[in-house]
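Asker: A structural model of the following input is requested.
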Amino acid sequence: MGVRPLAGAALLAILGLAAHADPLRIATYSPDLSRDGPGLLLRDLGRKDAQIEAVVQVLAETRPDILLLTHFDWDHDGRALDAFAARLAEAGLDYPHRFATRPNSGMATGLDLNADGRLGSADDAQGFGTFSGQGGMAILSRHPIGPVTDYTAFLWRDLPGHLMPPLPEEAAAIRRLSSTAHWDAVVTVAGRPLHLLAMSATPPVFDGPEDLNGRRNHDELAFWLHHLPDGPFVLAGNLNLDPLDSEGRPEALARIMAHVTDPLPRSAGGTAAKGGVNGSHKGDPALDTGDWPDDKPPGNLRVDYVLPAKGLAVLGSGVFWPAEGPLAEAALAASAHRLVWVDLDWPPEP
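Answerer: Model (predicted):
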């Protein structure tokens with residue numbers, strides 16, 4: 001897994017032709033680096049923690065050049081992100097460029113959004129969370145980041161063709177689309193800009209017959225249909241949507257696929273995980289990125305994606321989910337999600 005596919009470059013060198021640089025590896029990972037209260041992730045990063053050590057092991061094996069972390073607690077001074085980057089540096093991974101801003105998750109609204117007669121619950125925040133920054137996002141990169149266009153404050157009702165259910169006017173006037181965040185982060189690699197379209201969507205469940213979460217999940221992805229950049233881009237993140245299995249509205253994902261290449265990243269571990277409710281799934285288990293209990297729905301699903309724009313040359317892809325051995329144990333101990341990576345031939349042809 002740690003060896004990159006360089007056969008093409010080696011062949012060019014043999015032929016005496018100019019070879020491209022190493023592939024550019026872009027990854028998204030939801031390592032569950034979120035805790036039950038502010039400051040607790042920073043605390044855990046400063047001591048021996050088996051789950052954090054497993055996350056570091058996964059990243060040390062896959063070695064992304066550009067990494068989007070979802071479900072990573074944000075704090076105002078970025079201390080947790082700095083501490084995590086220091087842990088990665090100890091493992092030989094240097095990410096001098098990092099970006100994170102306050103997400104919608106846990107951001108108080110002052111309104112009773114779930115109409116339960118109480119204020120200040122996790123469901124009353126702009127995105128589900130018990131404190132501001134819980135389950136946020138972060139970008140770590142070997143290459144310079146910026147500028148970044150932050151769409152996190154975009155109102156749901158301002159999305160053309162939105163599916164937002166009827167809400168009280170005071171709620172509709174402040175309800176943001178992003179459950180976590182939407183970022184268009186320009187990363188400059190070999191002198192060429194690449195747009196990383198980063199997001200982490202709400203799961204399309206845990207609601208009532210109004211299907212608020214299902215509608216929001218759909219619209220969080222549909223947002224990009226109106227904000228695709230002119231230059232090369234990669235859409236990455238936890239979309240919390242399987243195109244064939246479990247709940248959700250896959251229409252926006254299908255429309256996005258017309259603008260991107262789906263590398264169909266696969267794993268041996270996903271292929272082998274066929275028990276229980278997974279046996280009734282329609283999707284290819286090799287593509288799954290979420291490993292949930294097999295004795296009840298939803299089972300394993302494909303929910304994490306790295307989708308390069310059409311025209312970008314994909315050299316390889318994968319889901320880090322070994323079928324057995326110490327690395328399989330590390331992936332299991334780190335998170336229910338599996339890291340997804342795609343290698344691009346970069347820079348693209350002019």
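Asker: so where's the stretch 101-250 of the chain uncertain?
Answerer: Of all residues in the stretch 101-250 of the chain, none has pLDDT under 70.
Asker: can you pull out the strands in it?
Answerer: 136-141, 145-150, 182-189, 192-200, 233-238 (DSSP state E, counting those that start in this stretch).
Asker: strands paired with the last one, and their directions?
Answerer: Taking DSSP bridges as the criterion, strand 233-238 sits next to strand 192-200 (parallel), strand 304-308 (antiparallel) in its sheet.
Asker: would you list these in TSV and tack on mean neighbour count and distance to Gly37?
Answerer: All C-beta spots, glycine's among them, are computed from the backbone N, C-alpha and C. Output for these, formatted as TSV (neighbours: other C-beta atoms under 10 Å; distance: least, C-beta to C-beta, whole Å):
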stretch	mean neighbour count	distance to Gly37
strand 192-200	23	20
strand 304-308	26	26
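Asker: tabulate the strands of the stretch 101-250 of the chain (TSV), appending distance to Ala222.
Answerer: Output for the strands of the stretch 101-250 of the chain, formatted as TSV (distance: least, C-beta to C-beta, whole Å):
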stretch	distance to Ala222
strand 136-141	19
strand 145-150	18
strand 182-189	11
strand 192-200	11
strand 233-238	12
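Asker: what's the closest of those to Thr101?
Answerer: strand 145-150 (5.8 Å; C-beta to C-beta).
Asker: hmm, Gly133 and Asp75 touching each other?
Answerer: Yes - between Asp75 and Gly133 there is a contact under C-beta atoms under 8 Å: 5.8 Å.
Asker: identify the contacts common to those two.
Answerer: Counting by C-beta atoms under 8 Å, 6 or more residues apart in numbering, the shared contacts of Asp75 and Gly133 are Pro38.
Asker: which of these two has more neighbours?
Answerer: Gly133 (23 against 19; other C-beta atoms under 10 Å).
Asker: so Thr62 makes contact with Pro31?
Answerer: No - at 11.7 Å, Thr62 does not count as touching Pro31 under the criterion of C-beta under 8 Å.
Asker: need the overlap of contacts for these two.
Answerer: Leu339.
Asker: pick out the residue closest to the middle of this protein.
Answerer: By C-alpha atoms, centre = their mean, the chain has its centre lying nearest to Gly237, at 2.3 Å.
Asker: who's in contact with that one?
Answerer: Per C-beta under 8 Å, 6+ apart, neighbours of Gly237: 28, 68, 70, 137, 198-201, 304-305.
Asker: next: His143.
Answerer: By C-beta under 8 Å, 6+ apart, the neighbours of His143 are 65-66, 97, 187-189.
Asker: then Leu40?
Answerer: Asp73.
Asker: any idea how far Gly133 is from it?
Answerer: 11 Å (C-beta to C-beta, to the nearest Å).
Asker: what's the overlap in contacts for those two?
Answerer: With C-beta under 8 Å, 6+ apart as the test, Leu40 and Gly133 both reach Asp73.
Asker: about what we covered before: bridging residues for the nearest residue to the residue nearest to the centre of the chain once chain neighbours are set aside?
Answerer: Nearest residue to Gly237, sequence neighbours excluded (C-beta to C-beta, 6 or more residues apart in numbering): Met199, at 4.3 Å. Beta-bridge pairing of Met199 under DSSP bridges involves His182, Gly237.
Asker: can I assume Met199 is in contact with Ser179?
Answerer: No - using C-beta under 8 Å, Met199 is not in contact with Ser179, being 9.2 Å away.
Asker: got any residues that touch both of the two?
Answerer: Glu220.
Asker: my guess is Asp32 contacts Arg338. True?
Answerer: No - taking contacts as C-beta under 8 Å, Asp32 lies outside contact range of Arg338: 11.7 Å.
Asker: could you find the closest non-adjacent residue to Gly106?
Answerer: For Gly106, the spatially nearest residue (C-beta to C-beta, 6+ apart) is Gly129, at 2.7 Å.
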